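Provided below for reference: sequence and predicted model.
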Amino acid sequence: SQQGEEDPQALSIQEGENATMNCSYKTSINNLQWYRQNSGRGLVHLILIRSNEREKHSGRLRVTLDTSKKSSSLLITASRAADTASYFCATLRTSGSRLTFGEGTQLTVNP
Amino acid sequence: DTEVTQTPKHLVMGMTNKKSLKCEQHMGHRAMYWYKQKAKKPPELMFVYSYEKLSINESVPSRFSPECPNSSLLNLHLHALQPEDSALYLCASSPSRGTVYNEQFFGPGTRLTVL
């Protein structure tokens, strides 16, 4: 089964609004990463948060990690049409050496 | 150079064909990966190379054969594929020292169609 589960599966918002995506996982992790994928293209790394970190910022992105709840959230502020993409969380388990991707959230930002 | 390149972008092959996918990076990364991605699904790991040695094979059928000729190149040889193998094949690399702790850099993928 997938290590990461994301919700919502799909999110549609207007330009300028904030978008929040959530990721839950099952086992202990070393770090959690968020990636973006434009339709049919490769993935682009957005941000990495380690298990001993609670919050991280990068530009308009804010990621939180709650290891007690085994969950993370990605907030995109002041969204733009160009943010339209699929967003995946990926976890690196403490006992493993591979990333496991969640099912992804399809974000649509309407101009 | 901070990108991973993949060729070809698109590939259509019959079930009896032999073809190869190529991946190249010049970032000095020592870990390279092959993923398979079906439509609207997350990438699934197939193989991991660390320092040009195969370190992970996710029980991939033998009709997929990876090869890492040097630290910059990664190939995936395809033979006798099935229509269900049609997917986007993604290559990635990371600045690993033998374990995966870092972000991965992905190529744009090869869209494979098996007829």
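Cool, the structure landed.

the strands in chain A, which residues?
When assigned using DSSP state E, the strands of chain A occupy the ranges A:4-7, A:10-14, A:19-25, A:29-37, A:43-50, A:55-58, A:61-66, A:71-76, A:85-93, A:99-101, A:105-110.

List the neighbouring strands of the last one plus their orientation.
In the sheet containing strand A:105-110, the strands it pairs with under DSSP bridges are strand A:10-14 (parallel), strand A:85-93 (antiparallel).

All the strands of chain B, in order from the start?
Defined through DSSP E, the strands belonging to chain B, from first to last, are B:4-7, B:10-13, B:18-25, B:31-37, B:44-50, B:53-57, B:64-70, B:73-79, B:87-94, B:105-106, B:110-114.

Which one, of the ones you listed, ends up nearest to chain A?
The closest of the strands of chain B to chain A is strand B:105-106. By CB to the nearest CB, the value is 3.8 Å. The way it works is simple: take the backbone N, C-alpha and C, and place the C-beta from them, glycine included.

Quick one: find the helix or strand in chain A with the lowest mean pLDDT.
In chain A, the helix or strand scored least confidently by mean pLDDT, DSSP states H and E is strand A:4-7, which has a mean of 77.

what's next to it, contact-wise?
A:21-25, A:87-91, A:100-105 (CB atoms under 8 Å, 6 or more residues apart in numbering or on different chains).

what does chain A have sitting close to chain B?
Proximity of chain A to chain B (CB under 8 Å from any CB of the partner chain) is limited to residues A:2, A:30-31, A:33, A:35, A:40-45, A:48, A:88, A:92, A:97-104, A:106.

7 Å - rerun?
Selection of chain A residues close to chain B by CB under 7 Å from any CB of the partner chain yields A:30-31, A:33, A:40-43, A:45, A:48, A:88, A:92, A:97-99, A:101-104.

Buried ones among those residues?
Burial by neighbour count, judged by 16 or more other CB atoms under 10 Å in any protein chain shown, picks out A:30-31, A:33, A:41-43, A:45, A:48, A:88, A:92, A:97-99, A:101-104 from these.

contacting residues around the most centrally placed residue in chain B?
Most central in chain B under CA atoms, centre = their mean is B:Trp34, positioned 2.8 Å from the mean C-alpha point. If a contact means CB atoms under 7 Å, 6 or more residues apart in numbering or on different chains, then B:Trp34 has B:Met46, B:Phe47, B:Pro66, B:Leu76, B:Tyr89, B:Cys91 as its contacts.

And the pLDDT at it?
Confidence per residue is given as pLDDT, and for B:Trp34 that number is 97.

Run through the bridge partners of it.
Listed by DSSP bridges, the beta-bridge partners for B:Trp34 are B:Phe47, B:Cys91.

isn't A:Ala81 right up against A:Leu107?
No - here A:Ala81 lies out of contact with A:Leu107, judged by CB atoms under 7 Å, at a distance of 10.8 Å.

and stretch A:74-89, which residues are buried?
Residues of stretch A:74-89 classed as buried by neighbour count (16+ other CB under 10 Å): A:Leu74, A:Ile76, A:Ser79, A:Asp83, A:Thr84, A:Ala85, A:Ser86, A:Tyr87, A:Phe88, A:Cys89.

a markdown table for those residues, including pLDDT?
Output for the buried residues of stretch A:74-89, formatted as a markdown table (pLDDT from 0 to 100):
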| residue | pLDDT |
| --- | --- |
| A:Leu74 | 97 |
| A:Ile76 | 98 |
| A:Ser79 | 98 |
| A:Asp83 | 97 |
| A:Thr84 | 97 |
| A:Ala85 | 97 |
| A:Ser86 | 96 |
| A:Tyr87 | 97 |
| A:Phe88 | 96 |
| A:Cys89 | 96 |
